[in-house]
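Asks: based on what follows, work out the 3D shape:
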Amino acid sequence: MTKNFFLQIAILVGLTALAAIYWQSAKDEKPAAAFMCPETHSKTTSTALQETPEQLAQLTDMLKGPEQENTVNVIAGDLKKQFPDAGNADIVNYMLTAYCPLVAAENGLSSDEKQARMDRFSSQAYQILGAD
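Replies: Numbers count the residues shown, from 1 in each chain. I've put the predicted structure just below:
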């Protein structure tokens, strides 16, 4: 047998090994998580404020406008009056639940891009609440 034949066998074995490694790593990869909005809470708990679908729809409509920062200020003030024992995290979670449908409805964004928008809104809301 010639050196050429052994070289062809070695290349074939190498390519087969690479294909097996690729196939195994592709099988182990988990698909990206689908973007999902938070669930509403029907009663106030130690970690959540009561949210009715009507209240959330109203807040969602308010957040559609161009003056989002002012809207967040107004919503935060109203929620602090309505739930005086609520912490900033409770208020931000409430607003995120209302804001999420706007992000979810945006076509052409990946789940990661939608999550990044939610993260930016959350940061903005925390900054506004901290400025009170």
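Asks: now the helices for the chain?
Replies: All helices of the chain, identified by DSSP state H, fall at 3-28, 53-63, 68-82, 88-104, 111-130.
Asks: ok, which of those comes nearest Cys37?
Replies: Smallest distance to Cys37 across the helices of the chain (Cβ to Cβ): 3.6 Å, for helix 88-104. All C-beta spots, glycine's among them, are computed from the backbone N, C-alpha and C.
Asks: packing partners of that closest one?
Replies: If contacts are counted by 3 or more Cβ pairs under 8 Å, 6 or more residues apart in numbering; DSSP states H and E, helix 88-104 sits against helix 53-63, helix 68-82, helix 111-130.
Asks: just the residues contacting it, thanks.
Replies: By Cβ atoms under 8 Å, 6 or more residues apart in numbering, the residues outside helix 88-104 that reach it are 35, 37-40, 47-49, 51, 56, 59-60, 62-64, 72, 75-76, 79-80, 83, 109, 114, 117-118, 121-122, 125-126, 129-130.
Asks: sounds good, over and out.
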